[in-house]
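Asker: Build me a structure from this.
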Amino acid sequence: SYAVRALAAINRIHNCQMTILAMVRSADKAQKIYGSLLERGDVALVIGDVRDPIVYDGAVDYIIHGASVTASKEMVTRPVETIATAIGGTEQILKFAVAKQVTSMVYISSMEMYGTPDPALPCVTESDYGRVDVLQVRSCYPEGKRMAEQYCCAYAAEYGVPAMVVRLAQTFGPGIPKSDGRLFAMCARNVLAGEDIVLKTTGASTRMYLYTADAVSALLTVMLK
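Answerer: This next block holds a predicted model:
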């Protein structure tokens, strides 16, 4: 949603006259997210499930593929749907990219696809792939991301799709729903409510975070450059 807003701002500031298509499952939910932005004429909704064939008659030059299950709870309770969205959804996007002969496509992957890296490494490079236990149900997410990346690689090799992959850390910032269950969102809700922040762990674990605007800037840079 932030990418759509960023592109709409580029249209407004620089008069680029882009047509911005936002694929959504629910028109009602999209209306709540985008509001009056949908009345400008340059932002249009394509309603459908990414796991189904995508229907759009016009030309498409660029694709940002960010459709994914992102809530850990849902990955555990709905692992089949998590896998189907990652793999089946990516296949449909790539087929659409072939049909439209797109100029560029960016797939949003995750740092989770690195798995559990070797603890002896001082840092992890892009070629340091760690272990993922495929018999743990939560592994549906990183394994799905790995296969989706391979799909991009395969379509690039066989059909010439200009597909690129970015592996994002956990993003935070505008566009995060109020119900988000991740730590930073819970802390923000505590602050807004004037409540103490309660840690349910020792607080010793570390994680990489990426601000939403920086993520979108990176996506557009990769897509265009």
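Asker: count of residues packed around A154?
Answerer: When neighbours are defined as other CB atoms under 10 Å, A154 has 15 of them. (Glycine included, C-beta is placed from N, CA and C.)
Asker: ok, the nearest residue in space to V124 that is not next to it in sequence - how many residues close by?
Answerer: Excluding the flanking residues, the one nearest V124 by CB to CB, 6 or more residues apart in numbering is P117, at 4.7 Å. For P117, the count of nearby residues is 14 (other CB under 10 Å).
Asker: C153 versus P117, what's the distance?
Answerer: Look at P117 and C153: by CB to CB, to the nearest Å, they are 21 Å apart.
Asker: next one: A204
Answerer: With CB to CB as the criterion, A204 and C153 are 37 Å apart.
Asker: contacting residues around V46?
Answerer: 21-24, 54-56 (CB atoms under 8 Å, 6 or more residues apart in numbering).
Asker: Just after the helix or strand in which it is found, pick out the following helix or strand.
Answerer: Using DSSP states H and E, the element containing V46 is strand 43-47. Remark: after strand 43-47, the chain's next helix or strand is strand 62-65, criterion DSSP H and E.
Asker: Parallel or antiparallel, list what pairs with that following strand.
Answerer: strand 104-110 (parallel) (DSSP bridges).
Asker: contacting residues around the strand it pairs with?
Answerer: Residues contacting strand 104-110 (CB under 8 Å, 6+ apart): 61-66, 68, 90, 93-94, 97, 141-142, 145, 148-149, 152, 161-168, 219, 222-224.
Asker: Give the buried subset of those as a ChimeraX selection command.
Answerer: Buried residues among these (16 or more other CB atoms under 10 Å), as a ChimeraX selection:
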select :62,63,64,65,66,68,90,93,94,97,141,142,145,148,149,152,161,162,163,165,166,168,219,223
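Asker: So which of the contacts of strand 104-110 are in strands?
Answerer: Among the contacts of strand 104-110, the members falling in strands (DSSP state E) are 62-65, 163-168.
Asker: just how off-centre is the biggest helix by length in the chain within its chain?
Answerer: With secondary structure taken from DSSP state H, the chain has its longest helix at helix 140-159. The gap between where helix 140-159 is centred and where its chain is centred comes out at 14 Å by CA atoms, centre = their mean, to the nearest Å.
Asker: Does anything pack onto it? Which helices or strands?
Answerer: Counting contacts by 3 or more CB pairs under 8 Å, 6 or more residues apart in numbering; DSSP states H and E, helix 140-159 packs against helix 72-77, helix 79-83, helix 89-100, strand 104-110, strand 163-168.
Asker: rewinding a little: A204 and C153: which is more packed in?
Answerer: Each of A204 and C153 has its neighbours counted (other CB under 10 Å); C153 has more, 13 against 6.
Asker: which non-adjacent residue is nearest the more buried one?
Answerer: Distances taken as CB to CB, 6+ apart place A163 nearest to C153, at 7.7 Å, with adjacent residues excluded.
Asker: For the one you found, list the residues it contacts.
Answerer: Here A163 is in contact with 94, 97, 105-107, 152-153, 155-156 (CB under 8 Å, 6+ apart).
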